[in-house]
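**Q** With the input below, show me the fold.
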Amino acid sequence: MKRLFAYFIVGAMILGVLTGWGLNHFLTADQASAAASNLNVVTDVFLRLIKMIIAPLVFTTLVAGIAHMEDAASVGRIGVKTMTWFIGASVVSLVLGLVMVQLLHPGSGMHLPEAVAATAPAASTDAFSLHGFIAHLVPTSIFDAMARNEILQIVVFSVFVGTAVAALDDKAPAVLHLVEQAASIMLKVTEFVMRLAPFAIFAALASTIATQGLEMLGTYAKFVFGFYGSMGVLWFLLFLAGAVVLGKRVVPLFRAIRTPTLLAFSTASSEAAYPRILEALPKVGVRRRIVSFVLPLGYSFNLDGSMLYCTFGTMFIMQAHGVHLSVSQQIFMLLLLMVTSKGIAGVPRASLVVIMATLTYFGLPEAWIAIVLGVDHLLDMGRSATNVVGNSVAAAVVAKWEGELEDMPVDGADGAEQPAVA
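**A** A predicted model of the protein is given here:
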């Protein structure tokens, strides 16, 4: 069934593109827009279902995972190792985006006055200041944080609760049992919700192509393909780094995350893939308590695809307008993005807001962001998939460093079980 589910997702993607092309080609613009609006209902319902389960899923799995650790020192040790990997991956992603955009020059020679004149989306960059980010870490109410799906605040509260349970002599067995049962229930609810994924994928792709057409790639081909080529390089580096730490175990790891990655790509939402990664990683030997700890932090601090886009997109916009930055200015931009990109978790299209903030810091018009709006959804698909890959590799690497990578059977590509490689 799992292999068939992956085929269903690929089939939904292909059918969605074909359906969208048909609607765009054979219907008038108004009719295609109306059809896309109807299709969006399916995607919206699916994403709302995902958001419905994210907060309780993160809270219960994270508290249970931390509570099973030996003591608070274990939590701190794993946290330091996790953040070390995240910071390293962030630096690599940001620098790679800067290097690739300088090599490819996708914005050179572009003349898009009509895009520049477009109205930029209203957005506040206040939350991306250092003060705003630090203050935002701590929830004023856990119920408010859950209601607004503030993942980072839920993580902070869960770490406190899980560490407190681990610090108790008897580990509060009644509470721990309740949390574990709640986590099991939420995983089962997740299983029900994920069965709707192919329908959401079909609707999302069909809606996008119906309104924008396949021609959307024409004007921005160099930009889009340059960005996807850069992501390909990042994926290779992640695979290489995983191979250095994990050895041959990196192959079944990447095989296991195919379905979550396709899901994130098709829905342009890494949140949609979170439950699937939570399910997939333990099957390749990553212990659940490590997965439950690293993944929520990763969704707050380790958005590799989004960070790659921050430098690539910012420099693309500047190239399109003939703006050149000195080496010192580019270094300052990297440091700025290193800080501001850590506050983008849970904010829709947050990469655009970060880019707007960067343009403002350099005294450039925020409206210049309009150049990338037309293809942002397509780029967001790639960013979301890359975030999934980055966080999955991070969880496996931290598990290896902690000696928590089990030698256990993993599913082979043909559905048969194969022994895991130590």
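**Q** what ranges do the helices span in the stretch 101-250 of the chain?
**A** Applying DSSP state H, counting those that start in this stretch to the stretch 101-250 of the chain gives helices spanning 113-116, 130-137, 142-147, 151-167, 173-194, 197-212, 216-219, 221-246, 250-256.
**Q** So what touches the helix or strand where residue 264 lies?
**A** Using DSSP states H and E, residue 264 falls within helix 258-267. Residues outside helix 258-267 that contact it (C-beta atoms under 8 Å, 6 or more residues apart in numbering): 2, 5-6, 9-10, 12-13, 16, 43, 46-47, 197, 200-201, 204-205, 270, 272-273, 276-277, 280, 381-382, 384-385, 387-389, 392. Backbone N, C-alpha and C define where each C-beta goes, glycine included.
**Q** Which positions within that helix qualify as buried?
**A** Across helix 258-267, burial judged by 16 or more other C-beta atoms under 10 Å covers 259, 260, 261, 262, 263, 264, 265, 266, 267.
**Q** re earlier: need the helices of the stretch 101-250 of the chain in a markdown table (columns: mean pLDDT).
**A** Shown next, in a markdown table, are the helices of the stretch 101-250 of the chain (pLDDT from 0 to 100):
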| stretch | mean pLDDT |
| --- | --- |
| helix 113-116 | 42 |
| helix 130-137 | 68 |
| helix 142-147 | 88 |
| helix 151-167 | 82 |
| helix 173-194 | 83 |
| helix 197-212 | 81 |
| helix 216-219 | 58 |
| helix 221-246 | 92 |
| helix 250-256 | 92 |
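**Q** how about those, which one is nearest residue 328?
**A** Nearest to residue 328 among these is helix 130-137 (20.5 Å), distances taken as C-beta to C-beta.
**Q** Buried residues, the top helix by length along the chain. List them.
**A** For the chain, the helix with the greatest residue count under DSSP state H is helix 29-67. By neighbour count on 16+ other C-beta under 10 Å, the buried set for helix 29-67 is 32, 35-36, 39-40, 42-43, 46-47, 49-50, 53-67.
**Q** Could you tell me the angle between it and helix 173-194?
**A** Helix 29-67 runs at 160 degrees relative to helix 173-194, counting by axes from the mean of the first three to the mean of the last three C-alpha atoms, to 10 degrees.
**Q** Numbering from 15 from now on, please.
**A** I'll keep to 15 as the first residue from here, and by that count the last item is helix 43-81.
**Q** what's helix 43-81 packed up against?
**A** Helices and strands touching helix 43-81, by 3 or more C-beta pairs under 8 Å, 6 or more residues apart in numbering; DSSP states H and E, are helix 16-40, helix 156-161, helix 165-181, helix 187-208, helix 211-226, helix 272-281, helix 284-294, helix 302-315.
**Q** So what's the gap between the fourth one and the chain middle?
**A** If you compare the mean C-alpha spot of helix 187-208 with that of the full chain, they lie 23 Å apart, counting by C-alpha atoms, centre = their mean, to the nearest Å.
**Q** what residues does it touch?
**A** Contacts of helix 187-208 with the rest of the structure, by C-beta under 8 Å, 6+ apart, involve 60, 63-64, 67, 70-71, 74-75, 77-78, 81, 179, 289-290, 292-293.
**Q** picking that back up, tabulate the helices of the stretch 115-264 of the chain (a markdown table), appending distance to residue 326 and mean neighbour count.
**A** Listed next are the helices of the stretch 115-264 of the chain as a markdown table, based on distance: least, C-beta to C-beta, whole Å; neighbours: other C-beta atoms under 10 Å:
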| stretch | distance to residue 326 | mean neighbour count |
| --- | --- | --- |
| helix 127-130 | 17 | 13 |
| helix 144-151 | 22 | 13 |
| helix 156-161 | 32 | 15 |
| helix 165-181 | 24 | 20 |
| helix 187-208 | 31 | 15 |
| helix 211-226 | 21 | 24 |
| helix 230-233 | 17 | 14 |
| helix 235-260 | 6 | 18 |
| helix 264-270 | 23 | 21 |
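**Q** Out of the ones you listed, which is closest to residue 323?
**A** Shortest separation from residue 323 across these is recorded for helix 235-260, at 6.9 Å, computed as C-beta to C-beta.
**Q** Against which helices or strands is the closest one packed?
**A** With 3+ C-beta pairs under 8 Å, 6+ apart as the test, helix 235-260 has helix 86-118, helix 264-270, helix 318-334, helix 390-415 packed against it.
**Q** switch to 10 Å and redo it
**A** Helix 235-260 sits against helix 86-118, helix 230-233, helix 264-270, helix 318-334, helix 390-415, with contacts defined as 3 or more C-beta pairs under 10 Å, 6 or more residues apart in numbering; DSSP states H and E.
**Q** so the first one versus helix 43-81, what angle?
**A** Direction vectors for helix 86-118 and helix 43-81, defined by the same axes, to 10 degrees, enclose an angle of 150 degrees.
**Q** Report the mean confidence score over helix 86-118.
**A** Taken as a whole, helix 86-118 has a mean pLDDT of 87.
**Q** Out of the helices and strands packed on helix 235-260, which is the most enclosed?
**A** Ranked by mean neighbour count, the helices and strands packed on helix 235-260 are led by helix 318-334 with a mean of 27 (mean count of other C-beta atoms under 10 Å).
**Q** List the buried residues of the helix or strand following that helix.
**A** Next along the chain after helix 318-334, taking DSSP H and E as the criterion, comes helix 341-354. Buried residues in helix 341-354, counted by 16+ other C-beta under 10 Å: 344, 347, 348, 350, 351, 352, 354.
**Q** Return helix 341-354 as CSV; C-alpha atoms alone will do.
**A** Output in CSV follows, covering the C-alpha atoms of helix 341-354 (Å, rounded to 0.1, in the frame of the first residue of the first chain):
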residue,chain,number,x,y,z
VAL,A,341,31.9,42.0,-1.1
SER,A,342,31.5,43.6,2.3
GLN,A,343,27.8,44.4,1.6
GLN,A,344,27.2,40.8,0.5
ILE,A,345,28.8,39.5,3.7
PHE,A,346,26.6,41.8,5.7
MET,A,347,23.6,40.5,3.8
LEU,A,348,24.5,36.9,4.7
LEU,A,349,24.7,37.8,8.4
LEU,A,350,21.4,39.7,8.2
LEU,A,351,19.7,36.8,6.5
MET,A,352,21.2,34.4,9.0
VAL,A,353,19.4,36.1,11.8
THR,A,354,16.1,37.1,10.0
